Structures are given as structure tokens and as C-alpha cells.
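In: sequence and predicted structure, then a few things I'm wondering about:
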Amino acid sequence: MAGRLMNSRSKPAARQRSTHETVYDIPLVADAAVSPSDCLTAPSGYRWPTQGAARDAALRALLALTRGRNCFIWGPPGAGKDALVHAFSALTRRPAVAVTFRPGADLAPWFYARRVDARGTSWEYGHLWRALTEGVQGEDGVPRPALVLLSDVDRADMAQLEWFRVLVDSIEGRILGPDGQMVPVLPGTQFVCTANTCGGGDLRGRLVSAQAMDASILDRLGRKIELPYLHWSDESAVLQARYAGLEAAVPGLFAALGRATESLRRAVRGEALHADFTHRSLCDVLDECADRADHTGEASLKLLAQSFSAWLDGLEPEVRLNAIRLIDPHLGGALELATKRR
């Protein structure tokens with residue numbers, strides 16, 4: 001993903017730039033000399049938050065990104081943390097590399113690995129190392145510093161944590177090489193970390209792989225930004241664009257879904273419901289709605305009630321019953337009726 005890499009001593013050339021668009025009165029400028037393949041992929045149907053706390057957080061994140069600040073973005077699953085960084089990279093043609101911390105994954109080859117061939121033993125450097133120390137070459141021959149997205153940093157296992165410490169050192173402008181020498185990071189390299197927790201681990205016990213983070217490491221990750229779920233007016237617009245036929249087929253479906261969603265998330269925030277109802281959960285429910293609508297032609301809120309099983313069936317019985325009680329008043333009793341018939 002690091003793309004075409006080169007040494008930073010290469011002969012500079014003039015950059016070709018063109019304004020792309022403005023978000024929150026912030027002009028996002030696209031680097032025309034950078035290939036889209038060297039950037040993060042734009043999320044399909046991404047919408048910049050326009051309402052509430054999510055807008056405020058996204059504005060703060062965009063200010064940090066456009067000004068080259070390192071930042072730590074955290075929030076519940078499905079809030080769009082990585083999507084925001086992907087959208088920024090794609091819009092501005094900012095070359096980027098992404099590292100996702102999944103327990104058990106070996107990160108060593110991304111940095112360097114021992115190579116043995118006919119000429120003897122040497123070190124082979126991975127794409128992340130080269131991006132950090134050499135940058136990503138544009139089509140004009142000029143190396144650009146990379147945006148480094150470190151996703152799910154609170155899920156790093158013990159082996160990955162050692163590499164994470166190496167990355168944290170690189171935030172200070174240098175990185176430890178395999179021979180013990182400190183190598184400078186290309187100036188302008190930017191780090192964005194994302195996580196579901198803010199460093200203390202998941203106190204609710206829902207995200208069992210989330211770990212507590214070393215306070216000294218967290219302190220060095222830059223600006224801290226909590227990104228909550230989208231305001232329903234924004235989330236609904238995203239969903240209605242994706243499921244354009246459902247509102248026409250079942251008038252009032254998204255209004256009822258919005259009331260149920262807000263009820264569920266209020267209970268989750270207040271720890272009255274031991275579950276998460278994320279954007280992905282909404283898509284699962286609406287996917288089943290679309291499938292059922294095509295199959296049966298159902299055109300009432302009964303369709304939504306039946307389709308909530310796409311999420312409810314993943315809950316423990318007691319949690320499921322509590323969730324049904326929260327949802328059902330917003331569906332006119334259709335959910336309780338649907339579940340009684342099972």
C-alpha cells in the first residue's frame with residue numbers, strides 16, 4: 001500500500017495541485033501528482049457529519065488532519081473512525097499506509113526481516129519502514145511524507161505492542177533499525193491512531209480483546225478526539241441513500257427505525273442494555289428488510305419488526321428481551337407480536 005517509494009534526496013520537482021472541495025469551511029486540496037492507489041480508499045457513500053457531537057468531533061479531527069497533527073480518535077464500534085481518515089486521504093490524495101492491530105498478526109515483515117541468499121545475510125525492509133523513512137513518490141518524482149493510520153491500537157497483543165513502541169518512537173521523528181541505529185523518519189509523516197476505548201480497556205466487558213494502554217504511550221499519540229455515533233439525521237441520510245427503495249415500499253420505516261435506534265443507544269450509553277447497536281447492525285437489519293420485501297411484498301412496519309431478528313438473534317435471551325422492550329413501542333407492538341409467533 002505504500003506505493004512507489006524513493007529516497008528523500010531525489011531531485012525535487014514542482015507539485016501539481018488542484019482544489020477538490022470544502023468541508024466545514026476547510027478547503028481540502030487534492031495533490032494531483034499522487035496516484036489514488038497510494039491513498040486510502042474512499043468509503044462508499046461516506047457523509048461528513050453535519051449535526052450534534054459527531055459533527056463537532058469530525059471538525060476537530062479534520063482540523064488535525066489538514067494541519068498535519070498526530071491524533072488519537074476513539075469511539076464505539078461503527079462510529080466511522082477509520083472511515084473519516086479514509087475519506088480525508090482519498091479526497092486530498094494524501095498517500096497513506098494502514099496498520100490494523102489484530103491479535104496474532106505478525107507485523108515484523110512490515111518493518112524488516114532477515115534475508116538469506118547466495119550473497120549472504122542481509123535485511124529486507126518492508127513497505128511500512130520505507131514509507132516512514134523514504135515517503136511515497138508522486139508522479140512528479142517528489143517523495144511525499146505518508147499518513148500512517150494505526151487502527152484498533154487497543155487490540156495490540158504483547159508481540160505487536162513491541163512494534164507499537166517502535167512506531168511511537170517514530171512519532172518523535174526517528175525509528176530504531178534492525179542494527180540498533182536510530183533512523184530519521186521523513187519530516188511531515190503523520191500518525192492517526194483509532195480505538196474503541198480511550199486507554200483503560202473496555203470497562204463494560206463487551207470488547208474482550210480491547211486492552212488497557214500504557215499511559216506514557218497514550219500521552220504521545222497526539223490530539224485526543226472522541227467520535228460518537230452519527231446524529232440520526234445524518235445516519236438516516238446515509239441509510240436512505242443505500243436503501244432507496246425501502247422508504248417508498250414502507251412509508252415511515254426510517255422514522256420508526258430512528259426512534260428505535262435512539263432508544264437502544266440511550267440504553268447502551270446508560271449501561272441499561274449490555275449490547276451495541278452500531279451502523280453495521282442497522283445495515284444488517286435493513287439488508288434483511290430488503291430481502292424480505294423482495295420475497296414477500298410486505299409493506300407495513302411488520303417488515304421492520306421481523307427483520308430486527310438480524311440483530312436480536314445475536315443477543316443472549318435476557319438481553320434480547322430487554323432490547324425488544326426498548327424497540328417495540330416505536331414499532332406499534334409489531335415486534336412483540338412477531339417474536340411471539342416464533
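Out: Structure received. Numbering: from 1, shown residues only.
In: the residue nearest the centre of the chain in helix, strand or coil?
Out: The residue lying closest to the centre of the chain (Cα atoms, centre = their mean) is Asp82, at 1.9 Å. Judged by DSSP: H, G, I helix; E, B strand; the rest coil, the three-state class of Asp82 is helix.
In: check contacts around it.
Out: Each residue near Asp82 by Cβ atoms under 8 Å, 6 or more residues apart in numbering is listed here: Ala98, Leu149, Ser151, Thr194. From N, CA and C alone the C-beta is placed, and that goes for glycine too.
In: let's see that with 7 Å instead.
Out: Leu149, Ser151, Thr194 (Cβ atoms under 7 Å, 6 or more residues apart in numbering).
In: check what pLDDT it gets.
Out: With respect to pLDDT, Asp82 scores 95.
In: hmm, back to that, of the contacts of Asp82 - the most surrounded one?
Out: Highest neighbour count within the contacts of Asp82, by other Cβ atoms under 10 Å: Thr194, with 26 neighbours.
In: shouldn't that residue be within a strand?
Out: Yes. Judged by three-state DSSP, Thr194 forms part of a strand.
In: tell me what it is bridged to.
Out: Assessed by DSSP bridges, Thr194 has beta-bridge partners Ile73.
In: I figured it hits Gly80, correct?
Out: No. Thr194 is beyond contact range of Gly80, at 10.0 Å (criterion: Cβ atoms under 7 Å).
In: what is the neighbour count of Leu176?
Out: Count around Leu176 with other Cβ under 10 Å applied: 14.
In: look up phi and psi at it.
Out: Dihedral angles of Leu176 (phi, psi; degrees, to the nearest 10) stand at phi -80, psi 120.
In: ok, now how distant is the residue nearest to the centre of the chain from Ala146?
Out: Separation of Asp82 from Ala146 (Cβ to Cβ, to the nearest Å): 16 Å.
In: Ala98 in helix, strand or coil?
Out: strand.
In: also Gly45?
Out: Gly45 ends up coil, using three-state DSSP.
In: ditto for Asp169
Out: helix.
In: now it: how far from Ala215?
Out: Counting by Cβ to Cβ - Asp169 and Ala215 are separated by 17 Å.
In: quick one, which of these two is more surrounded?
Out: Asp169 (15 against 10).
In: so that one sits against Gly177, correct?
Out: No. The criterion here is Cβ under 7 Å, and Asp169 misses it with Gly177 at 11.1 Å.
In: give me the common contacts of these two.
Out: Joint contacts of Asp169 and Gly177 (Cβ under 7 Å, 6+ apart) do not exist.
In: ok, what's across the strand from Glu226?
Out: Trp74.
In: mind listing the strands for this structure?
Out: Taking DSSP state E, the strands of the chain run over residues 17-23, 26-31, 71-74, 96-100, 112-117, 120-125, 136-137, 143-144, 147-151, 174-176, 182-184, 190-195, 223-226.
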